[in-house]
Each structure stands twice: as C-alpha cells, then as structure tokens.
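Undergrad: With the input below, show me the fold.
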Amino acid sequence: AILLGMLSAYAGADQSGESWSRLYRRMPDIKQKYSIIQNIAPLDDRTLEPFLLSSLNHLVYGDLAAYRTDRAAYDDWEILTRALVHELGDIKAQSAGAVIWDVVRSAETPLLKAEGLIALGMIRASEYAPEIALILRNLNFNTRTDRDNAEIEAYGAVISLEKLKDKAGF
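TA: Purely as a prediction, here's the structure:
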C-alpha cells in the first residue's frame, strides 16, 4: 500500500511537471515563463531535464539577441536564465554542461556567472574544472575596481570547485 502511494505521488509529480512544461511553451511573456519555472523547481523532477535544457538552449542561443537591446528585457531574460541554470544544477543534469559553460563565458553579470559556475559543480562537469580554477586564479590576482562583483564570481568558482572535488581546484 505504501509503495502504491509513493508510485502514484511520483506519477502525479511527473504529470504535473509535464503540464507545467506545456504551459511554459505556450507563454509568450518571459515573466510568465519565470513564474512557471518557479512552480516546476520544487518538483525536482529529473524527467523534465530535456524540457529545461531545451528552454535554456532557446534562451541562450535563440532569444538572447532580442533581449540585449533593452536593459529591462535583458534583466528579465537573465532572471529566467538563472532560474533554469539553477534548476538544471539541482537535478544534476549532466547533459547541460556545455550550455551552462556558454552561459558562464558570456554572462554579463556576476550573479549569472556565479550561478552557472555553481551549477557546473552540482552536475559534476569536471571537464571545466581547469577553466574554473583559472577563473578563480585570475580573480585572486586581479585587482578589479568592482570588488563586490569579483567576490560574487569568486564565490561561485569556489563552490563549483568544492563540489567538483577535482585536483585543479586545490
């Protein structure tokens, strides 16, 4: 009886996740899409990995150019991108490593870069450990005028390297 209850709860979460993903695809407004991702995140449904990865790919490789011209639109794009990167890290979506690395490399803000670095650690994308270690080394040796931003990025790199447990981080 307990096993049957657990299976039906799992199936219910799976169906709920699929419903949210269909709704996400229909929404034209980025703020509405963000709201949907906020509802998907607590499900921790690994079956949504293809949907989440596809959504992130679309934002990074498709929609980004449209949002770069307007600061408010870019801010909304970044919030949604951070949410997707965070969720892919939470579910340990190893298939998302390359696109998350592209987010890290092209991020215009330290919060997005840090979120991407942490997600790379969460998914154990050890192939990026040397580059992450280099980012941290450069942050440690540079005396940037924007110290707060450098600290945010350094925090993301440290957490990432800690989770990766790769020798490049030591």
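Undergrad: ok, which stretches of this protein are helices?
TA: Counting by DSSP state H, the segments of the chain that form helices are 2-26, 30-40, 49-57, 64-67, 71-90, 97-106, 110-122, 129-141, 147-164.
Undergrad: can you redo these as TSV with mean neighbour count?
TA: (C-beta placed from N, C-alpha, C; glycine too.) Output for those, formatted as TSV (neighbours: other Cβ atoms under 10 Å):
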stretch	mean neighbour count
helix 2-26	13
helix 30-40	17
helix 49-57	19
helix 64-67	14
helix 71-90	20
helix 97-106	19
helix 110-122	24
helix 129-141	16
helix 147-164	19
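Undergrad: now those helices in TSV, with mean pLDDT?
TA: Conversion of those to TSV gives the following (pLDDT from 0 to 100):
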stretch	mean pLDDT
helix 2-26	60
helix 30-40	93
helix 49-57	95
helix 64-67	78
helix 71-90	95
helix 97-106	97
helix 110-122	98
helix 129-141	93
helix 147-164	95
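Undergrad: Tell me who's in contact with the spatially most central residue of the chain.
TA: The central residue of the chain, meaning the one whose C-alpha is nearest the mean C-alpha position (Cα atoms, centre = their mean), is Val85 at 0.9 Å. Under the criterion of Cβ atoms under 8 Å, 6 or more residues apart in numbering, the contact list for Val85 reads Leu56, Ala96, Ile100, Val103, Leu112, Glu115, Gly116, Ala119.
Undergrad: ok, 7 Å please
TA: Leu56, Ile100, Val103, Glu115, Gly116, Ala119 (Cβ atoms under 7 Å, 6 or more residues apart in numbering).
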